[in-house]
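Participant: sequence and computational prediction follow.
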Amino acid sequence: MAQKFGSLGSWMVAAAMLACAPLAQAKDWTTVNIATEGSYEPWNLTLPGGKISGFEPELIQTLCERMKLTCNLVVQNWDGMIASLNAGKFDMLMDAIVVTEDRKKVIAFSVPYARTPASFVALDANLLPGKPGPANEITLGMDEQQVSTAIAPLREALKGKTIGIASGTIYTPFIDDHFKDVATIREYNASADTILDLQAGRIDVAFDDVTFLDSLKAKPDGQNLAYTGPQIGGPIWGDGEALAFRQTDGDLKAMFDAALKQALADGTVKKLSEKWFKLDLTPKS
Amino acid sequence: MIDFAFMSDTLLKLLGALPTTLTLFFSSLALGLLLALVVVAMRVSRWPLLSYPARFYIMLFRGTPLLIQMFLIYYGLGQFPAVRHSVLWVVLKSPYGCAVISLALCTAGYTAEIIRGGLQSVPRGQIEAGQAVGMSRWTLLWRVIGPITLRQALPAYSTEAVLLVKSTALASLVTVWDVTGVAQQIIQRTYRTMEVFICAALIYLVLNFLVVRAVAWVEHRLSPHLRERPLGAPGKPTPETAPHS
């Protein structure tokens, strides 16, 4: 019994130390803890030995080397990541997080280091009109009129179909706003579940990021997936993927902004993007 | 600071998902109870051919997490073309059908054991008394064993019902958006965890309070012999009113 209380006590001390840790190092940045999912290939992934690898870990390594910072990657699930950042569990996030107006209200973002298009995916490439894949990319802006003209043929083809979409992504409101009146929308907890259900035939088509879909299509289980209809990119998906910080850590954000701008300018980001995605995802404009 | 406007707006959105949670609960409770009756009948059978499959069923569904059962039933079975082309697919294709089936299968395992506990607590003497007055097997089951089992099993069964209400929170895994699922959607859009989950917890608390009260009411109705008789109520014939011999 005494031993039980003893271990409980040490747990409480450890918890108290954890709670105080961010306060203790908040002023002078020498070590930075960065949260990543470690399972969003090829952005970040966990190697069989437990090491974190991928586009983002390699990018953050060069950034930290430039600033002579010690950077630790912490693996954490995507749901709850933003809340944990604000609760001080770590100092910043790097998990293919897209800048949105809603997110800007609770966290601060660096300059974006990538911007990715999205696409419909189905078991039949001819489900939607138009040539599929990167060769046929349409750029959508914030102009409602332009968007609805561009997607009119897609709406026509999706009449009466069931569309699967991961909940809580930037694509969720797009699909909801533009297809809810013609098709059935089904929301999933995770992108991977959407694809499982597409393969099971419960939904006709899914919509997601092409980098995620490319990584699935490269696997044996994803051989039957096919892009359908044009790829959709442009400002409609916001500014792109960026590092996220607490709003109070303006100094940390400024340091990483400078390092990222340098890495974008000297071609480091482009090189890494082509290595991991076989595509240049650096934000244009 | 608590933002009351946001809280009330959230509460209204969550209440919109309450019918989904309630129908999930009632249909899986009813289906689970029916299934449990079959399982327990097999479990207490003298024939190993009946009792062993029931033992296996109970072990399987009590021994694995509901989350995994639901995932396997929904995403797992759908991977086999043979399942997709069978009649089962009519039910298994729909997320709602899969959620109800997994909840019912799981609760049936627990409920069967609860009923078995109630069955075993029926005093041997009462069964013998029934047999002594010439009750048939069915009358005995209906008039003696059934009511006593029900009364004995009810306290444990109310716990199972409460657990089932909370288990419905897993349904968003298979795209059925119940109260918890909608709460998670709101959190993903607003990044405000505390207020939303507090509202959701309140809804479950009220729901479970009602479930517990309902079962307590049934229990009260089934155990008049354990209560003191109200004054002035017709009671047992007293020696005064009994005819003299």
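Facilitator: Done, it's in.
Participant: every contact and neighbour count from this point should use C-alpha atoms.
Facilitator: Will do.
Participant: now do the buried residues in stretch A:65-74.
Facilitator: For stretch A:65-74, a neighbour-count test (16 or more other Cα atoms under 10 Å in any protein chain shown) marks A:71, A:73 as buried.
Participant: run through who's touching it.
Facilitator: Defining contact as Cα atoms under 8 Å, 6 or more residues apart in numbering or on different chains, one finds that stretch A:65-74 is touched by A:29-36, A:52, A:57, A:60-61, A:64, A:90, A:255, A:259.
Participant: again with stretch A:179-189
Facilitator: A:155, A:158-167, A:175-176, A:194, B:172-175.
Participant: on that earlier part again, among the contacts of stretch A:65-74, name the ones in helices.
Facilitator: Of the contacts of stretch A:65-74, the ones assigned to helices by DSSP state H are A:57, A:60-61, A:64, A:255, A:259.
Participant: with respect to B:Arg84, which of these is nearest?
Facilitator: Nearest to B:Arg84 among the ones in helices among the contacts of stretch A:65-74: A:Pro57, at 41.0 Å, using Cα to Cα.
Participant: can you pull the pLDDT of that closest one?
Facilitator: What the model reports as pLDDT for A:Pro57 is 95.
Participant: would you agree it is in contact with A:Asn44?
Facilitator: Yes: when contacts are counted by Cα atoms under 8 Å, A:Pro57 is listed as touching A:Asn44 (6.6 Å).
Participant: what pairs with A:Gln231 across the strands?
Facilitator: Counting by DSSP bridges, A:Gln231 is bridged to A:Glu137.
Participant: same thing with A:Ile34?
Facilitator: Listed by DSSP bridges, the beta-bridge partners for A:Ile34 are A:Leu73, A:Met92.
Participant: low-confidence stretches in chain B?
Facilitator: Applying pLDDT under 70 to chain B flags residues B:1, B:233-245.
Participant: can you map out the helices along it?
Facilitator: Going by DSSP H, chain B shows helices at B:4-16, B:18-43, B:48-63, B:66-71, B:81-84, B:89-92, B:95-120, B:124-132, B:137-140, B:146-167, B:179-190, B:193-222.
Participant: for the stretch 1-150 of chain A, same thing?
Facilitator: A:2-24, A:55-67, A:81-86, A:101-104, A:144-157 (DSSP state H, counting those that start in this stretch).
Participant: compare the ones you listed and say which comes out lowest on pLDDT.
Facilitator: Looking at those, the bottom one is helix A:2-24 with a mean of 47.
Participant: and the closest residue in space to A:Thr162 that isn't next to it in sequence, how far is that from chain B?
Facilitator: When the adjacent residues along the chain are set aside, A:Thr162 lies closest to A:Thr184, with 4.6 Å between them (Cα to Cα, 6 or more residues apart in numbering or on different chains). Counting by Cα to the nearest Cα, to the nearest Å, the gap from A:Thr184 to chain B is 12 Å.
Participant: ok, A:Asp239 next?
Facilitator: For A:Asp239 relative to chain B (Cα to the nearest Cα), the value is 18 Å.
Participant: how many neighbouring residues does that residue have?
Facilitator: The tally of other residues near A:Asp239 (other Cα atoms under 10 Å in any protein chain shown) stands at 19.
Participant: now it, what's its secondary structure?
Facilitator: The local conformation at A:Asp239, judged by DSSP: H, G, I helix; E, B strand; the rest coil, is coil.
Participant: phi, psi of it?
Facilitator: phi -80, psi -20 (degrees, to the nearest 10).
Participant: and it, what does it touch?
Facilitator: With Cα under 8 Å, 6+ apart, A:Asp239 has these contacts: A:98-100, A:112, A:115.
Participant: mind checking which of the residues you listed are buried?
Facilitator: Neighbour counting with 16+ other Cα under 10 Å marks A:98-99, A:112, A:115 as buried within those.
Participant: and the furthest pair within the residues you listed?
Facilitator: Most distant of those, by Cα to Cα, are A:Val99 and A:Arg115, 10.0 Å apart.
Participant: what's the overlap in contacts for these two?
Facilitator: Joint contacts of A:Val99 and A:Arg115 (Cα under 8 Å, 6+ apart) are A:239-241.
Participant: export those residues to a markdown table and tack on distance to A:Asp124 and pLDDT?
Facilitator: A markdown table is the format used below for those (distance: Cα to Cα, whole Å; pLDDT from 0 to 100):
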| residue | distance to A:Asp124 | pLDDT |
| --- | --- | --- |
| A:Asp239 | 31 | 87 |
| A:Gly240 | 29 | 90 |
| A:Glu241 | 30 | 93 |
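Participant: point out the residues in chain B that sit beside chain A.
Facilitator: Proximity of chain B to chain A, by Cα under 8 Å from any Cα of the partner chain, involves residues B:75, B:78-80, B:84, B:93-94, B:172-175, B:185, B:188-193.
Participant: make a PyMOL selection of whichever of the residues you listed turn out to be buried.
Facilitator: Those of these that count as buried under 16+ other Cα under 10 Å are selected in PyMOL with:
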select buried, chain B and resi 75+78+79+84+93+172+173+174+175+185+188+191+192
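Participant: any idea how many residues pack against B:Leu170?
Facilitator: Residues lying near B:Leu170 (other Cα under 10 Å) number 20.
Participant: that one and chain A, how far apart?
Facilitator: 11 Å.
Participant: which residue, other than its chain neighbours, is closest to that residue?
Facilitator: Using Cα to Cα, 6+ apart, the closest residue to B:Leu170 is B:Leu67 (6.7 Å).
Participant: equivalent analysis for B:Arg55, please.
Facilitator: Nearest to B:Arg55 is B:Arg43, by Cα to Cα, 6+ apart, at 6.3 Å.
Participant: residues touching that neighbour, list them.
Facilitator: The contact partners of B:Arg43, taken as Cα under 8 Å, 6+ apart, are B:50-55.
Participant: can you lay out the residues you listed as CSV showing neighbour count?
Facilitator: Formatted as CSV, the contacts of B:Arg43 follow (neighbours: other Cα atoms under 10 Å in any protein chain shown):
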residue, neighbour count
B:Leu50, 15
B:Ser51, 18
B:Tyr52, 15
B:Pro53, 14
B:Ala54, 23
B:Arg55, 19
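Participant: so where's chain A uncertain?
Facilitator: For chain A, the ranges with pLDDT under 70 are A:1-27, A:285.
Participant: what are the phi and psi angles of the one residue sitting closest to the centre of it?
Facilitator: Chain A has A:Ala96 as the residue nearest its centroid, 2.9 Å off, counting by Cα atoms, centre = their mean. With angles defined as degrees, to the nearest 10, A:Ala96 sits at phi 50, psi 40.
Participant: how far away is it from A:Ala218?
Facilitator: If you measure A:Ala96 against A:Ala218 using Cα to Cα, to the nearest Å, the figure is 20 Å.
Participant: one more: B:Met194?
Facilitator: Taking Cα to Cα, one finds B:Met194 at 40 Å from A:Ala218.
Participant: repeat for A:Arg115
Facilitator: 21 Å.
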